[in-house]
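this is a predicted model, with the sequence first.
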Amino acid sequence: MTAHQRTRAFARVIGPYIAVFTTVYAIRLPALQGLVAELFAEQALMLMLGALMLGGGLVIIGGHRNWRGPLAVTVSLFGWFVALRGFLLIAFPTTIESGVEATLLSPTAMVLARVFFAALAVVGLVLTYAGWFSRPGRDPEFA
C-alpha cells in the first residue's frame, strides 16, 4: 500500500468519526456537565479511556508516517493529538478535569469550545470527502 493509499484509508475512518463526534459534542456540550463530573469520578474508567486513546493514537502514528500534503499532515496530527490526550488522561487526570470544569463554567469558554468543535467537524468533513470521494489521480495536493 502506498503512502497516499494509507492516508486515504485513515481519512475514511477518521473523517466521519471527527465529523459526527464533534458535531454532536458541539450541540450537546452545555448538557454534558453532569456526565463529565460522573466520568471523572470513576478513576478506573478514566484510566481505561486514557489507555484506549493512547493506544488508538499510537496505531495512527505507527500506521501513518506520511507528512506530505495537507491531508497527510491532518491525519498524522490527529494521531499525535489523540495519543497526547490519552497520555494526559492517564498521567494528569485531575489537571484535565480542572480544565474541563473551568471551560464548562465559563460562558465565554463554552462558546469558544463550541466554535472549536464546529471547526473540527468541518475538518472531519474534509477528511471524509478526501478519503471517500476524491479521485487519487486528480488530487495531488491531498497526497
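Noted; the coordinates are in hand.

can you count the residues close to the closest residue to Ala118 other than its chain neighbours?
Among residues not flanking Ala118 along the chain, Ala26 sits closest, at 4.9 Å (C-beta to C-beta, 6 or more residues apart in numbering). (Each C-beta comes from the backbone N, C-alpha and C, glycine too.) By the criterion of other C-beta atoms under 10 Å, Ala26 has 17 neighbours.

Ala26 sits in which helix or strand?
Here Ala26 sits within helix 3-28, counting by DSSP states H and E.

in the worst-scoring helix or strand of the chain on mean pLDDT, what counts as buried?
When the helices and strands of the chain are scored by mean pLDDT, DSSP states H and E, helix 33-41 comes last with a mean of 85. In terms of neighbour count (16 or more other C-beta atoms under 10 Å), helix 33-41 has its buried residues at Phe40.

how about stretch 41-54?
Quick answer for stretch 41-54 (16+ other C-beta under 10 Å): Met46, Leu49, Gly50, Met53, Leu54.

tell me the pLDDT at the first one?
The predicted local confidence for Met46 comes out at a pLDDT of 93.

can you tell me the number of residues neighbouring Thr95?
Residues lying near Thr95 (other C-beta under 10 Å) number 11.

same question, Gly57
20.

show me where the protein has helices.
For the chain, the helices defined by DSSP state H cover 3-28, 33-41, 43-63, 70-91, 93-105, 107-132.

circling back: export the buried residues of stretch 41-54 as a markdown table, with columns for distance to Val100.
Formatted as a markdown table, the buried residues of stretch 41-54 follow (distance: C-beta to C-beta, whole Å):
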| residue | distance to Val100 |
| --- | --- |
| Met46 | 11 |
| Leu49 | 13 |
| Gly50 | 14 |
| Met53 | 15 |
| Leu54 | 18 |
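
and those residues, which is closest to Thr74?
Met53 (18.0 Å; C-beta to C-beta).

what sits closest to the closest one if chain neighbours are left out?
Closest to Met53 by C-beta to C-beta, 6+ apart is Gly86, at 3.0 Å.

so the one you found is in contact with Val59, correct?
No - if you go by C-beta atoms under 8 Å, Gly86 and Val59 don't touch, sitting 11.2 Å apart.
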